[in-house]
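Q: Predicted model follows, preceded by the sequence.
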Amino acid sequence: MGAVAQPKDSTTQSSNHHNIMDAFKGKFERTSAENYEEFLKVLDVSYLLRKAATVSTPVMEITENNGVWSIKSSTSLKSMELKFKVGVEFDETSPDGRDVKSICNFEGGKIVTVQKAKKAGQKSTRSVREMNGPNELIYTLTIEGNDSLVCVQKFKRI
């Protein structure tokens, strides 16, 4: 009681930041997907692509090399890779074909990705990846302006 937490110097914070981020490195396989088809429908993904996406069992591999992070998602049909530096905005085409400006940040132990649509009328999304213990990764997707639809995917370390 009454003890005041001392601020850490930046070198301690920086190394803690890396240790926590390191927990995300590895390969994970999807074990469940809640509201995924509904989420894809709101993004105007075609019926066939929605079906293919929901029946597949993707593997997500997270690596880092010299500050460049890579999140590679692979299924038997398709593989895609998100490469980023924390806090640096970049242009990309989202998996569902939207041209977006993206930024990935590390917030409170989570990897947070925001994809802002460049074209009027297209949706902007936010995704959060967080570890639940050492072997489960929870991937939560939301669409800007649609708070009622939340897609939650769970992955286990393999």
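A: Happy to help now that I have it. Residues are numbered from 1 along each chain as shown.

Q: tell me which strands and helices the longest strand seen in the chain is in contact with?
A: Looking across the chain with DSSP state E, the single longest strand is strand 146-157. Applying 3 or more Cβ pairs under 8 Å, 6 or more residues apart in numbering; DSSP states H and E, one finds that strand 146-157 contacts strand 26-34, helix 36-42, strand 136-143. Heads up, the C-betas are built off the backbone N, CA and C, glycines and all.

Q: And what about residue 87, helix, strand or coil?
A: coil (DSSP: H, G, I helix; E, B strand; the rest coil).

Q: i'd like the first residue to be 489 from this point on
A: Yep, numbering from 489; the last one is residue 575 now.

Q: Helix or strand: which one has the nearest residue to it once chain neighbours are set aside?
A: Using Cβ to Cβ, 6 or more residues apart in numbering and skipping the chain neighbours, the partner closest in space to residue 575 is residue 593 (5.7 Å). Under the criterion of DSSP states H and E, residue 593 resides in strand 587-595.

Q: hmm, who's touching that strand?
A: 505, 508-509, 557, 570, 572, 574-582, 599-607, 610, 612 (Cβ atoms under 8 Å, 6 or more residues apart in numbering).

Q: Direction included, what does it pair against?
A: Here strand 587-595 is paired, per DSSP bridges, with strand 578-581 (antiparallel), strand 598-605 (antiparallel).

Q: Rebuild those strands as TSV, extending it with distance to residue 639.
A: As requested, those are exported to TSV (distance: least, Cβ to Cβ, whole Å):
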stretch	distance to residue 639
strand 578-581	19
strand 598-605	14
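
Q: So which of those is nearest residue 552?
A: For the strands paired with strand 587-595, distance to residue 552 was read as Cβ to Cβ. The smallest value, 11.0 Å, belongs to strand 598-605.
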